[in-house]
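> using only what follows, build the 3D model:
(one chain, ligands or ions: 1)
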Amino acid sequence: MTAMNEEQLKICARWINESRKGVVFTGAGISTESGIPDFRSPGGLWERFDPSELSFQNFQSSPRSRRLYWEFYRENWRLSKDVKPNRAHLAVADLEKRGKLIAVITQNIDGLHQAAGNTAEKVFELHGNMWEVRCLSCNALYPWEEIFNDLEKGKEVEKCGHCGGLLKPATVSFGQSLPVQTLRDAQEYCKICDLLICIGSSLVVYPAAGLPELAKSSGARLVIINRENTPVDRVADLVIRGEAGKVMSKILRLLDAENG
Ligand SMILES: [Zn+2]
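Residues are numbered from 1 along each chain as shown. As a prediction, this is how the structure comes out:
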């Protein structure tokens, strides 16, 4: 277990207090406490499904790959549908309620920031959202529950009722580019924020990993909260080693103490 320095937590709380335009950036580490399955861990879905077979190109070109992809999503939905936001998500939602956040940028597809109470319009999901199913041609939105129920009954997923296009969960697959506007918005918020707190991201996957450096070079304070080292630690103003939930709930208590 990593020891957490009380002084570091106090500095972070003080910077949040001083901040007017804070941004939070999150990765998988904020959702582990909620029990969101890690595909890479032993027994994870990547032991049963080959990610390269589930590429966007295969999805578009091969009915067999599409069936495999939907089988994968059926499992993914089964494992994640009862998952709830944890104390780290709730702390981030609390920061927005306190008027401290202008945006939440996330690499996660689980929708737990919105479930915790963050305003949907302020949440920028770089890899999409697993609870949205959209038509690849006309972008029409379909309720995931109906498709999940059909899959559970062994039915095939139908084509778009409006245009006949292919339906797909609105997440970024291998070989599929990040949503351009979402990435642009995220970059804009990183340029104008005065404090960026990165929580539970290893900060290795570009272009997301470039966002902290962008905020830092635009004059923001940069805080990194993660269990392991990240390549961006060297430019951060503050690095806190620890579990997202534990760290964030302690910081919130310190905030209350400072303001009480
Ligand atoms: Zn359509």
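> model confidence score at residue 260, please.
Per-residue pLDDT puts residue 260 at 69.
> for the protein, which residues are neighbours of the ion?
135, 137-138, 140, 160, 162-163, 165 (Cβ under 5 Å from the ion). Just so you know, the C-beta spots here come from the backbone N, C-alpha and C atoms, and that holds for glycine as well.
> between those residues, which has the most around it?
Sorting the residues of the chain next to the ion by how many neighbours each has (other Cβ atoms under 10 Å) puts residue 135 first, at 20 neighbours.
> so who does that residue touch?
142, 160, 162-163, 165-167 (Cβ atoms under 8 Å, 6 or more residues apart in numbering).
> could the residues of the chain next to the ion go into TSV alongside secondary structure?
Below are those laid out as TSV (DSSP: H, G, I helix; E, B strand; the rest coil):
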residue	secondary structure
135	strand
137	coil
138	coil
140	coil
160	coil
162	coil
163	coil
165	coil
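> quick check: phi and psi at residue 131.
With angles defined as degrees, to the nearest 10, residue 131 sits at phi -100, psi 10.
> check the gap between it and the ion for me.
19 Å (Cβ to the ion, to the nearest Å).
> next, count neighbours for that residue.
That count, for residue 131 with other Cβ under 10 Å as the rule, works out to 19.
> and it, what does it touch?
So residue 131 contacts 111, 144 (Cβ under 8 Å, 6+ apart).
> now residue 162
By Cβ under 8 Å, 6+ apart, residue 162 lies in contact with 135, 138, 140.
> confidence score at it?
At residue 162, the model reports a pLDDT of 97.
> same deal with the one 3 residues further on?
pLDDT, the model's per-residue confidence, is 98 for residue 165.
> from what I can see residue 207 touches residue 178, true?
Yes - using Cβ atoms under 8 Å, residue 207 makes contact with residue 178 at a distance of 6.9 Å.
> who has more neighbours out of the two?
Neighbours were counted for residue 207 and for residue 178 using other Cβ under 10 Å; residue 178 has more, 16 against 12.
> next up, phi/psi of that one, please.
phi -70, psi 150.
> in this structure it contacts residue 125, no?
No - using Cβ under 8 Å as the test, residue 178 is too far from residue 125 to be in contact (9.9 Å).
> which residues touch residue 172?
126-128, 178-179.
> let's see it at 6 Å
By Cβ atoms under 6 Å, 6 or more residues apart in numbering, the residues touching residue 172 are 127-128, 178.
> check residue 229 too.
No contacts exist for residue 229 under Cβ under 6 Å, 6+ apart.
> quick check: it is in a helix.
No - assignment of residue 229 by three-state DSSP gives coil, placing it outside any helix.
> can we start the residue count at 699 from this point?
Fine by me, first position is 699 from now on; the one you just mentioned is residue 927.
> which pLDDT value belongs to it?
So, for residue 927, pLDDT stands at 95.
> quick one, phi/psi of it?
Per degrees, to the nearest 10, the backbone of residue 927 is at phi -60, psi 150.
> now do it against residue 902, distance only.
11 Å (Cβ to Cβ, to the nearest Å).
> same check, this time on residue 736
15 Å.
> so residue 874 makes contact with residue 756?
No - Residue 874 is not in contact with residue 756 according to Cβ atoms under 6 Å; the separation is 11.0 Å.
> between residue 736 and residue 902, which one's more packed in?
Shown here are residue 736 and residue 902; by other Cβ under 10 Å, residue 736 has more neighbours (14 against 11).
> tell me the confidence at that one?
75.
> which residue comes closest to it once chain neighbours are left out?
In this structure, residue 736 finds its nearest non-sequential neighbour in residue 742, 5.6 Å apart by Cβ to Cβ, 6 or more residues apart in numbering.
> tally up the residues packed near that neighbour, please.
13.
> any idea how far it is from residue 774?
Applying Cβ to Cβ, the value for residue 742 to residue 774 is 11 Å.
> now do residue 735
Counting by Cβ to Cβ - residue 735 and residue 774 are separated by 8 Å.
> got it, and residue 858?
21 Å.
> what does residue 817 give?
Distance from residue 817 to residue 774, by Cβ to Cβ: 26 Å.
> longest helix anywhere in this protein?
helix 761-778 (DSSP state H).
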